[in-house]
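Q: Need a 3D model of the sequence below.
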Amino acid sequence: MNSTTVLWQQKNQAALDGGGKNRLDKQHEAGKKTARERLELLLDADSFQEIDRLATSHFLVHQEYTDGVITGFGTINGRKIAIYAQDFTIKGGSLGARHAEKICKVMDLAAKVGCPVIGLLDSGGARIDEGIHALSGYSKIFMRNSRYSGVIPQISVILGPCAGGAVYSPALTDLIFMIEGISQMFITGPQVIQQVLHEKVSKEELGGARVHSTISGVAHVVERSEEACFEKLKQLISYLPNNYCEATPSYESSDNNTDVQSLVPSNSSQGYDIKHIINGLVDAASFFELQSTFAANIVTGFARMEGNVIGIVANQPLVKAGTIDIDASCKAARFIRLCDSFGIPLISLVDVPGYLPGIEQEHNGIIRHGAKLLYAYATATVPKITVVLRKAFGGAYIVMGSKELGTDFNFAWPQAQIAVLGAKGAVTILHGKKLSECEESDRIVMQQALEAEYEATFLHPFIAAEYGYIDAIIEPNDTRKQIVSALEICRNKVEQLPKKKHGNMPL
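A: Below is the predicted model of the structure:
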């Protein structure tokens, strides 16, 4: 064996050893896997092909191979994936110029070959001793996150700290996974907050997984361990195409004969769990929910019907009576844009009494944020199918995939109520003066009579069906069959938006 081969083997082993045994042990003591262990957990056995293993920093005197990030390609259940994994055992996974070049290189290759890119993030942030070069590196990554948005799926998995400017790369990707007790994301850390605002807060309280899955809405999926997180990520990949030009994978269909009608109370004011309806309509065990604990008054996620992937947006009567608020608008709008980017048909299940009223909602911009949901539905060109289950009132009827927003098929159950207002609110506005002039006993009787008259005249789907706003009134237990038929009709749908540079989406 010649000296060159020996030298190569030594360098190669040094790269495989990461930051060395002491640092690897510290990673384990912190309850975290190493970067290479994570790749082994996530990717199919022996599928990883590494690139730039011997990369080193352009600027540091003490050089370490890989420069703190492992990059390459592998497969997940046979699907080609581009991936990069930051190595916290090397310079704390900090990002310098060469580190960033490696990430950009694998992202560029992913876009060229048309496959998803996954980032496993575990980093102390920008490498201070590389100064502006590190900041430039982040800028290059952000540019690619933005340019490749809608071209290939981009997924971020937060597996340690992610602070400062570093948070904007995952924020620009399609989906973010976090792990309880391990993941943190924040712009300014606890020390800075204490110095500037004199407020004490822990990293977990400031930017832990629970915060971002319930309050901020940054995280889409949260799990309790790295193993569980990677299993969930493998499931998610099965719902996404390789790129915007390819179809989503299809699987063998599983029949679903659920009696969905029995799951919905006849009393329109009584709550029920919309997830039971979703699971009763889609292929068995196929519903993959996103952001389950954020803006829970609206439900979003992927599922399959007849083995084919769909996206679902549904009002949740159990939370805030299913009203639409700021967070629900943003959550649903972002999910609709994701589905539209990658050709995934949209199914909207509607049971909504209106927008959430209140000074806080108005002052915090429900007009601006609510418009995002309108814009998302109106500009989506994938097959769109809407089913009104029980009620759809006012502007909330319009925004939840109404016919005028370009929905291809609109259905309603016979008991559905479609109107500007519910009976009580409408009667109060239309007959308030007359009612105020009555004695209390007479007022109650008149109120009930007027509400009954309003319900008989307006609170039904027949006027909407007569004028073509609803394509068909269907039996609840025929809903799956009707949706499947509509999806088949729309399979080769082609719709072109007016030629322009791009629209000005309300943000």
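Q: from here on, contacts and neighbour counts on C-alpha atoms
A: Noted.
Q: roughly how far apart are T300 and T56?
A: To T56, T300 is 43 Å away according to CA to CA, to the nearest Å.
Q: So between those two, which is more surrounded?
A: T300 (27 against 19; other CA atoms under 10 Å).
Q: Please name the bridge partners of that one.
A: L290, V313 (DSSP bridges).
Q: can you pull the contacts of it?
A: 289-292, 311-314, 331-332, 335 (CA atoms under 8 Å, 6 or more residues apart in numbering).
Q: same thing but 10 Å
A: 275, 287-292, 311-315, 328, 331-336, 348 (CA atoms under 10 Å, 6 or more residues apart in numbering).
Q: again with F458
A: With the criterion set at CA under 10 Å, 6+ apart, F458 makes contact with 417-423, 464.
Q: so where do the helices sit in the stretch 301-450 of the chain?
A: Per DSSP state H, counting those that start in this stretch, the stretch 301-450 of the chain carries helices over the ranges 326-341, 359-363, 366-379, 394-399, 423-436, 440-457.
Q: which stretches of the stretch 1-150 of the chain aren't confidently modelled?
A: By pLDDT under 70, the low-scoring segments of the stretch 1-150 of the chain are 1.
Q: Show the backbone phi and psi for L206.
A: Dihedral pair for L206: phi -80, psi -50, per degrees, to the nearest 10.
Q: count of neighbours near it?
A: For L206, the neighbour count with other CA under 10 Å is 20.
Q: now swap in A464 and tell me
A: Using other CA under 10 Å, the number of residues around A464 comes to 18.
Q: Tell me if I'm right that it and I418 touch.
A: Yes - using CA atoms under 10 Å, A464 makes contact with I418 at a distance of 7.6 Å.
Q: For stretch 270-288, what is the spacing between the initial and final residues?
A: OK, stretch 270-288 end separation, CA to CA: 26 Å.
Q: and that stretch, which residues are buried?
A: Across stretch 270-288, burial judged by 16 or more other CA atoms under 10 Å covers 271-272, 274-275, 277-284, 286-288.
Q: tell me the average confidence for it?
A: The average pLDDT within stretch 270-288 is 96.
Q: just use 800 as the starting number from now, easier for me
A: All right, first residue 800 from here; so that's stretch 1069-1087.
Q: Now find how far off-centre it is within its chain.
A: Relative to its chain's centre, stretch 1069-1087 lies at 18 Å (CA atoms, centre = their mean, to the nearest Å).
Q: list residues touching both of A1263 and I1217?
A: Joint contacts of A1263 and I1217 (CA under 10 Å, 6+ apart) are 1211, 1257.
Q: ok, so of the buried residues of stretch 1069-1087, who is nearest H997?
A: Closest approach between the buried residues of stretch 1069-1087 and H997, by CA to CA: F1087, at 41.5 Å.
Q: shouldn't the closest one be in contact with I1036?
A: No - F1087 is beyond contact range of I1036, at 11.0 Å (criterion: CA under 10 Å).
Q: any shared contact partners between those two?
A: By CA under 10 Å, 6+ apart, no residue touches both F1087 and I1036.
Q: And the strands in the stretch 850-999 of the chain, which stretches?
A: Taking DSSP state E, counting those that start in this stretch, the strands of the stretch 850-999 of the chain run over residues 868-875, 878-885, 916-920, 953-957, 960-962, 974-978, 983-985.
Q: wait, which of those is closest to S1012?
A: That would be, of the strands of the stretch 850-999 of the chain and by CA to CA, strand 974-978, which comes in at 8.6 Å.
Q: and the closest one, C-alpha only, in PDB?
A: Listed next in PDB are the C-alpha coordinates belonging to strand 974-978 (Å, rounded to 0.1, in the frame of the first residue of the first chain):
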ATOM      1  CA  LEU A 974     -42.100  21.500   6.700                       C
ATOM      2  CA  ILE A 975     -40.400  21.600  10.100                       C
ATOM      3  CA  PHE A 976     -40.000  18.700  12.500                       C
ATOM      4  CA  MET A 977     -39.000  19.200  16.200                       C
ATOM      5  CA  ILE A 978     -38.300  17.000  19.200                       C
END
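Q: these two touch, right, F941 and S968?
A: Yes - between F941 and S968 there is a contact at 5.6 Å, judged by CA under 10 Å.
Q: Need the per-residue pLDDT for the spatially closest residue to V1118 that is not a sequence neighbour.
A: Nearest non-adjacent residue to V1118, counting by CA to CA, 6 or more residues apart in numbering: N1096, 4.7 Å away. On pLDDT, N1096 comes in at 98.
Q: Look up how far T1122 lies from N1096.
A: Distance from N1096 to T1122, by CA to CA: 7 Å.
Q: Give the residues shared as contacts by these two.
A: Counting by CA under 10 Å, 6+ apart, the residues touching both N1096 and T1122 are 1114-1116, 1151.
Q: and I1125, what does it touch?
A: Contacts of I1125 by CA under 10 Å, 6+ apart are 1094, 1154-1155, 1160-1161, 1163-1172.
Q: if we can go back for a sec, looking at the strands of the stretch 850-999 of the chain, which is nearest to Q993?
A: Across the strands of the stretch 850-999 of the chain, closest to Q993 is strand 983-985 (CA to CA), at 14.1 Å.
Q: Report all helices and strands that that closest one contacts.
A: strand 960-962, helix 967-971, helix 1002-1006, helix 1008-1013 (3 or more CA pairs under 10 Å, 6 or more residues apart in numbering; DSSP states H and E).
Q: Not counting its own residues, what contacts the second one?
A: To tie it back to what came earlier, the one meant is helix 967-971. 918-920, 937-938, 940-945, 948, 953-957, 961, 975-976, 984-986, 1017-1018.
Q: you'd agree I850 is up against G873?
A: No - contact criterion CA under 10 Å: I850 and G873 do not qualify, at 11.2 Å.
Q: neighbour-wise, which of those two wins?
A: G873 (22 against 15).
Q: Please name the bridge partners of the more buried one.
A: I880.
Q: Now do the contacts for it.
A: 838, 841-849, 879-882.
Q: Apply 7 Å and report the result again.
A: 842, 846-848, 879-881 (CA atoms under 7 Å, 6 or more residues apart in numbering).
Q: Buried ones among those?
A: Buried among those by 16+ other CA under 10 Å: 842, 846-847, 879-881.
Q: In these, find the pair that's most separated.
A: Greatest spatial distance among the buried ones among the contacts of G873 (CA to CA): S846 and A881, at 11.4 Å.
Q: quick one: V995 from G964, how far?
A: Relative to G964, and taking CA to CA, V995 is found at 19 Å.
Q: S1024 is in contact with F976, isn't it?
A: No - the criterion here is CA atoms under 7 Å, and S1024 misses it with F976 at 11.2 Å.
Q: Determine which member of these two has the greater number of neighbouring residues.
A: F976 (24 against 16).
Q: what are the bridge partners for that one, then?
A: Beta bridges link F976 to V956, V1020, judged by DSSP bridges.
Q: That one: what's it in contact with?
A: So F976 contacts 955-957, 1018-1021 (CA under 7 Å, 6+ apart).
Q: Neighbours of E1238, how many?
A: 9.
Q: Now tell me what touches stretch 982-996 from outside.
A: 957-964, 966, 998-1003, 1006-1008.
Q: and those residues, which are buried?
A: By 16+ other CA under 10 Å, the contacts of stretch 982-996 give 957-962, 964, 966, 1002-1003, 1006-1008 as buried.
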